[in-house]
Each structure stands twice: as C-alpha cells, then as structure tokens.
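> Sequence and predicted model, in that order:
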There are 2 protein chains.
Amino acid sequence: MATKQRGRPRSFDRETALEKAMRAFWENGYEGTSVSELTREMGIGAPSLYAAFGDKRSLFEEVVRVYGTTHGAGPARALTEEPTARGAVERLLREAADEFTDPGHPHGCLVIHAATNCTTPEVEQALRDQRGASLTAIEDRLRQGMATQELPEGTDAAALARFVGAVFQGMSQQSRDGASRGELEAIADLAMAAWPASEPAASGHRA
Amino acid sequence: MATKQRGRPRSFDRETALEKAMRAFWENGYEGTSVSELTREMGIGAPSLYAAFGDKRSLFEEVVRVYGTTHGAGPARALTEEPTARGAVERLLREAADEFTDPGHPHGCLVIHAATNCTTPEVEQALRDQRGASLTAIEDRLRQGMATQELPEGTDAAALARFVGAVFQGMSQQSRDGASRGELEAIADLAMAAWPASEPAASGHRA
DNA sequence: TCAAATCTGTAGCGGTCGTTATGAAAATGA
DNA sequence: TCATTTTCATAACGACCGCTACAGATTTGA
C-alpha cells in the first residue's frame, strides 16, 4: 500500500484548500458562501471540489471538524489544563478575547455564527449541538471544582456554565461588530466578578 | 382629503401583513426568508407585496422599524423609566429573559440575529449600527448613574455597558438554542453580581 | 506504446432567487 | 354607461444556486 495511485494526480493541496474554505465559511457562514465563491477562494474548479470533498455540506462538516481541533480548540484546552475551575474559565474567556480579534483570520467563533439563519436545519442543528456540548464541558469542569471544594457547595453549576457560555457568545458577537481585544478583555474581567465568593471560612458563624 | 381613493381597494390589511413578515424575518433572518415564503406567510401575491412595501429590503427595513417600537422597545423603556442605573440594567436583562422565550413569537432578538451572515452588506451594517446605538444608550444611562453618585467614580461605563450588551446578546443566542426563561433569568442574575460595589462609605477609612 | 485510471476545465443541468410585465377584476367619478 | 384608477393573479424574466456530464489532460501499469 501507499504506492502511487493510478490516474492524474491532484493539482492542489487538499489541506490548503480546506483552510481556504474554512476562512470563507468563517467569514460569511454556510449559506452566505456559495460554491462559486468557494471554488474561487480555494483556487480550484467545481468538479475538483466535489471530487475531493463530496458536496458543499460535507465540506462544511469537515471544516467544522478541523476548526474544532485548531482555532476552536482553546476552550477545551483551558478547561482541561488549568488546575482550578476559576482559572480555567478565566483563561477560556481571556483567550477568547484574543482569538476572536486575531487579525489573522475572521473574527468571532465559527461554531456560533456560521449556521445562523440557515435554511438547512441539519446544519444549523449540528452547530447547535456543538454549542450545547461546550456548555456541558464547562458545567462538568465546574462540578469538578465543587468536588474539590474549590467552589461553594450551593453553586448552581449549570447556571454558572450558561452564564459563561452567554458571555463567550456575546464576546464573539461583539468581535464581529468591531469590538477590540481590549474591550473584550474588559468584558471577560467583568464576567469574572460574578464568580461565586469562596465562603469566608468553612465554619458557620455570622448566622 | 381622506375621501375614498379611486381604484380597486387593497384586499389585505397592511399592518397584519407586516406583522406576518416580521415573524418570518424574525424566525429565519433576512436572507433566510425568500420572497415566496413572505408572500405565502403574508397571504398575498408578489405584486401586492411590491406595491405595498417597495421591495424585499424596504419591507425588512420597515419590519425592523416596527420591531424597535414594539417587541424591541423593552430595553429603551427600562433605561429611561427606572430610577437607578442598576435597576434599569437589571430590568433590561430580566425582561429580556422573558421576551426572548415568549412562546408567542420567535425566540431571541431580531436585531441581533436577522442579518448575520448576510450577503447584503448594507442590511448587515444597518443592524450592526442599531446594536451599537443600544450599547451607547446603556453607556449613557450608566454615566447618568455616575453623575448622581449611584455608581463609583472610577466606573468604566463603556466597559460595563459592553458587558451588559454581551450578556444580552448571549441570552438571545441561548434562547434560540432552546434555553428556558428560568435559565436566562439565572444568567441575568449572575450578570448582576458583576455590578460595581457601592463603596462601603464615602469616607476614606479602611486604608 | 497503449489501455486504464484519475483529475481538470468548460459548459450546462434543473431549481430557486428577487423582481416585474401583462391583463383581468373591482372600485370611483363623470 | 363608461372611462379612469388601482389592485390582483398568472406567468415569466435574467441571475444565481448547488451540482454534474462530458471531453481532454496527465499519470501509472502492462
């Protein structure tokens, strides 16, 4: 195996083309990006696109998958790598401020924006599911923080996770509306002010 | 004047049709709603639509205008009617939790969602401008609160306004993703926890 | 040297988009 | 009664949508 394949070789680099497709979808969304725009950006003809990636929807799904392991991988890393739940969330939000305003690529989060107002319900639902999974990941990390007594017993992990998710999504939207990195960082800082107070002590004075 | 007009009378109620158009745009966005969907929902033929509303874009602009004075009027009311800045923002967010999940109409905020991934830049920009104006309105109300000493001198009104806006937008997104009214209220409550502490006293003890 | 296999460019498929021409229908004014 | 005015329903316009048939180009294996 791994011998040279038989026919005429592909004249473009598949990964590079996929990256170009990601930029296009990221910038203009799934339905806002036509196949002719894709072929123009990717520098290939339509038949080559269909041969290499299936159809438009398969290409988008592959783009989303790659996004999740590259530009979109920050949150998962923050949640697993940081020693405390608070540190994880703070890093998640501050890295988002950075990532969302990176001039090297479209602003905001592809998973949040690329399938809104989408006439193809399956595509819209796929990204919705992914957003739901992210919320669950945050919530799980918070529960972990409760288990280690980092967070107060009474903490509503689901609600706090939703709050973090809402701030994250709001930051993404604002980055698309032109907010700067510093402005997003200020949002992140304010959000952290809502973090549950670690009870003054474990005892029960102060009635 | 006000005499009967000359030709064949219109066979539909303009306001009712406009309301139907609003629902459609609200649900599926500007480009996600085709003219044929509009005519179906509004119960009129295409020529009637064009005679009564101009073209699709004019219809959308009129929809946005009406939305701003009806379903979208809550925030402005909260900001002007409440006696304190804190009360205004709290009401703004809690009313949003209610409004965004009202089963009587599409979820979330039309101004936030209806023109994302829009191939017509002017339409996208128009709603972007409207969001910017909302941010400014919040910021103005916060500055007013600073002028009356309700808010600490050092408060960053612009940053706090952006934070409130981000939470608002995040709540809108989450309502579209299926979050319940109670879940959104929890987000609002957590956001209010980030409110600047009113300094313990105006004096300078506790160095 | 040639058949088989695979990719590429052109050109076009049926379908939907936003929009409008056309003529019948329904009102008023004379 | 009949011309005038406005709206309505049908049907179609050109442009673009996602997608593909086709034929030529370019490779490998025999």
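Looks like it came in fine.
> residues touching residue A:86, list them.
Counting by CB atoms under 8 Å, 6 or more residues apart in numbering or on different chains, residue A:86 touches A:145, A:150, A:192, A:195. All C-beta spots, glycine's among them, are computed from the backbone N, C-alpha and C.
> Can you tell me the element it falls in?
helix A:85-100 (DSSP states H and E).
> What mean pLDDT does that helix get?
Mean pLDDT, computed over helix A:85-100, is 98.
> now do stretch A:19-33
Stretch A:19-33 comes out at a mean pLDDT of 98.
> is stretch A:31-38 anywhere near chain B?
Yes - on the criterion CB under 8 Å from any CB of the partner chain, stretch A:31-38 is in touch with chain B at A:31, A:32.
> Under the pLDDT cut-off, which ranges of chain A? List them.
Scanning chain A for pLDDT under 70 picks out A:1-3, A:199-207.
> circling back: chain center to the helix holding residue A:86, what's the gap?
12 Å (CA atoms, centre = their mean, to the nearest Å).
> Tell me the buried residues in that helix?
By 16 or more other CB atoms under 10 Å in any protein chain shown, the buried positions in helix A:85-100 come out as A:85-86, A:88-94, A:96-97, A:99-100.
> Relative to DNA strand C, which of those is nearest.
residue A:100 (30.1 Å; CB to the nearest atom of the strand).
> so who does that closest one touch?
Neighbours of residue A:100 in contact, by CB under 8 Å, 6+ apart: A:107, A:108, A:109, A:171, A:172, A:175, A:181, A:184.
> among those, which two are most distant?
Farthest pair in those (CB to CB) is A:109 and A:181. Separation: 14.7 Å.
> So between those two, which is more surrounded?
Between residue A:109 and residue A:181, residue A:109 has the larger neighbour count (other CB atoms under 10 Å in any protein chain shown), namely 27 against 16.
> For that one, give me its contacts.
Residue A:109 neighbours (CB under 8 Å, 6+ apart): A:72, A:96, A:100, A:168, A:169, A:172.
> Throw these into TSV and include distance to DNA strand D, thanks.
Output for the contacts of residue A:109, formatted as TSV (distance: CB to the nearest atom of the strand, whole Å):
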residue	distance to DNA strand D
A:72	23
A:96	29
A:100	26
A:168	29
A:169	26
A:172	24
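> count of residues packed around the closest residue to DNA strand C within chain A?
Going by CB to the nearest atom of the strand, DNA strand C is nearest to residue A:7 of chain A, at 1.7 Å. When neighbours are counted by other CB under 10 Å, residue A:7 registers 5.
> how much space between it and chain B?
From residue A:7 across to chain B, the span is 37 Å (CB to the nearest CB, to the nearest Å).
> hey, which helix is longest across chain A?
helix A:121-147 (DSSP state H).
> Run the chain-centre distance for the helix or strand following that helix.
Counting by DSSP H and E, the next helix or strand C-terminal to helix A:121-147 is helix A:157-176. Centre-to-centre, helix A:157-176 and its host chain are 11 Å apart (CA atoms, centre = their mean).
> Does at least one residue of helix A:157-176 sit close to chain B?
Yes - Helix A:157-176 is in contact with chain B by CB under 8 Å from any CB, via A:158-160, A:162-163, A:165-171, A:173-174, A:176.
> Same question for the residue of chain A closest to DNA strand C, what's its three-state structure.
coil (DSSP: H, G, I helix; E, B strand; the rest coil).
> How about residue A:179?
coil.
> next one: the one 3 residues further on
Under three-state DSSP, the three-state class of residue A:182 is helix.
> May I see the buried residues of the helix or strand harbouring residue A:189?
Using DSSP H and E, residue A:189 falls within helix A:181-192. Across helix A:181-192, burial judged by 16+ other CB under 10 Å covers A:181, A:183, A:184, A:185, A:186, A:187, A:188, A:189, A:190, A:191, A:192.
> Just the residues contacting it, thanks.
Against helix A:181-192 from outside (CB under 8 Å, 6+ apart): A:86, A:89-90, A:93-94, A:96-98, A:100-101, A:163-164, A:167, A:170-171, A:174-175, B:156, B:158-160, B:162-163, B:166, B:191, B:194.
> and what of stretch A:147-161?
Under CB under 8 Å, 6+ apart, the answer for stretch A:147-161 is A:84-86, A:135-136, A:138-139, A:142-143, A:145-146, A:196-199, B:183, B:186-187, B:190.
> if we can go back for a sec, just among the contacts of residue A:86, which is most surrounded?
In the contacts of residue A:86, the most neighbours by other CB under 10 Å go to residue A:145, 22 neighbours.
> who's in contact with that one?
Counting by CB under 8 Å, 6+ apart, the residues that residue A:145 touches are A:84, A:85, A:86, A:151.
> Go through these and name the one nearest DNA strand D.
Of the contacts of residue A:145, the one sitting nearest to DNA strand D (CB to the nearest atom of the strand) turns out to be residue A:85, at 41.9 Å.
> Find me whatever residue is spatially closest to the closest one, sequence neighbours aside.
residue A:145 (2.9 Å; CB to CB, 6 or more residues apart in numbering or on different chains).
> Distance of the one you found relative to residue A:160?
Relative to residue A:160, residue A:145 is positioned 10 Å away (CB to CB, to the nearest Å).
> Ok, residue A:147 next?
With CB to CB as the criterion, residue A:147 and residue A:160 are 15 Å apart.
> near DNA strand C, which residues of chain A?
A:5-12, A:44-48, A:51-52 (CB under 7 Å from any atom of the strand).
> quick one, what contacts the most centrally placed residue in chain A?
Geometric centre of chain A, nearest residue: residue A:72, 4.1 Å, by CA atoms, centre = their mean. Shown in contact with residue A:72 (CB under 8 Å, 6+ apart): A:109, A:110, A:111.
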